[in-house]
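[1] need a structure here:
(one chain, ligands or ions: 1)
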Amino acid sequence: MSNILLITSSPRGAESQTSRLAADLAHKLNKQLAGSTLTIRDLYAQSLPHIDAAYVQGRMLPADGRDAGQSVAVAQAETLVAELQAADIVVIGSAMINFGPSTQLKAWVDHITWPGVTFKYADGKAEGLVTGKKVYLVTASGAVFTEGPFAAFDFHSNYLKHTLGFIGLTDIEQIRVEGLGYGPAVAEVAIANAEAVVESVLAKAA
Ligand SMILES: Cc1cc2nc3c(=O)[nH]c(=O)nc-3n(C[C@H](O)[C@H](O)[C@H](O)COP(=O)(O)O)c2cc1C
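    Here you go, the predicted model:
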């Protein structure tokens, strides 16, 4: 049995390739894997607040030492962390927005990257505490970042792989849709390639 967590985050709504592909992968995995469950966290439909003092201070306090605002802020983060901890498979759709993830996904990262809860320092080293999960990271960008003049500027993938790895999510398979801004012919091939990768992931998972 597998618990699947689908996280979508593009600000492009129904136009989003990452939301469509990530949802397709997660729903098909859910159908394919006997007894699996699917939890959907749509960060576009339901944006998280930016983290603030209530969260940053509240999470350092014991539950009975928090004021009302701190309790609400910490409870929100606890819900997100619990969703992540319960998952065996995490499917994330992430649009490149100004060379990074969308503000929607960054807010999620800010809520779940929590010292003592999702990572800790031991013997002077950081140790991720959210381990043993498979992550499928579907990314899309207008430009091409796997090669060429923009290759040095893939802060989006590098940031997500680093921050997810930092909390223990190290088994990450990336599915890229890139070059979407290079005209319809390039976009069509990029989308078809990504769809083929989704199908091969499903075939492997079967
Ligand atoms: C506000 C905005 C900023 C963007 N910034 C970048 C960027 O920095 N680099 C890039 O290659 N593409 C950029 N794009 C193009 C998106 O990455 C592209 O549209 C991609 O398909 C978004 O993923 P989605 O289809 O899941 O929404 C941007 C698009 C928008 C709407």
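
[2] quick check: bridge partners of the residue nearest in space to the middle of the chain?
    Closest to where the C-alpha atoms of the chain average out (Cα atoms, centre = their mean) is Ile92, at 3.9 Å. Beta bridges link Ile92 to Ile7, Leu137 when assigned by DSSP bridges.

[3] wait, doesn't it sit right on Tyr136?
    Yes: the criterion here is Cβ atoms under 8 Å, and Ile92 meets it with Tyr136 at 7.1 Å. From N, CA and C alone the C-beta is placed, and that goes for glycine too.

[4] overlap of the contact sets of those two?
    Ala22 (Cβ atoms under 8 Å, 6 or more residues apart in numbering).

[5] the strands in this protein, which residues?
    3-8, 37-42, 89-95, 119-122, 125-128, 134-141, 171-178 (DSSP state E).

[6] what's the fourth one packed up against?
    Spelled out, it's strand 119-122. Under the contact definition 3 or more Cβ pairs under 8 Å, 6 or more residues apart in numbering; DSSP states H and E, strand 119-122 sits against strand 125-128.

[7] for the last one, same thing?
    Here strand 171-178 is seen to pack against helix 17-32, strand 134-141, helix 155-166, helix 184-205 when contacts are counted using 3+ Cβ pairs under 8 Å, 6+ apart.

[8] would the first one count as contacting the ligand?
    To tie it back to what came earlier, the one meant is helix 17-32. Yes: part of helix 17-32 sits near the ligand under the criterion Cβ under 6 Å from any ligand atom, namely 17-19.

[9] could I get these as CSV with pLDDT and neighbour count?
    As requested, the residues of helix 17-32 next to the ligand are exported to CSV (pLDDT from 0 to 100; neighbours: other Cβ atoms under 10 Å):
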residue, pLDDT, neighbour count
Gln17, 98, 22
Thr18, 98, 27
Ser19, 98, 26
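
[10] most tightly surrounded among the helices and strands packed on strand 171-178?
    strand 134-141 (a mean of 24; mean count of other Cβ atoms under 10 Å).
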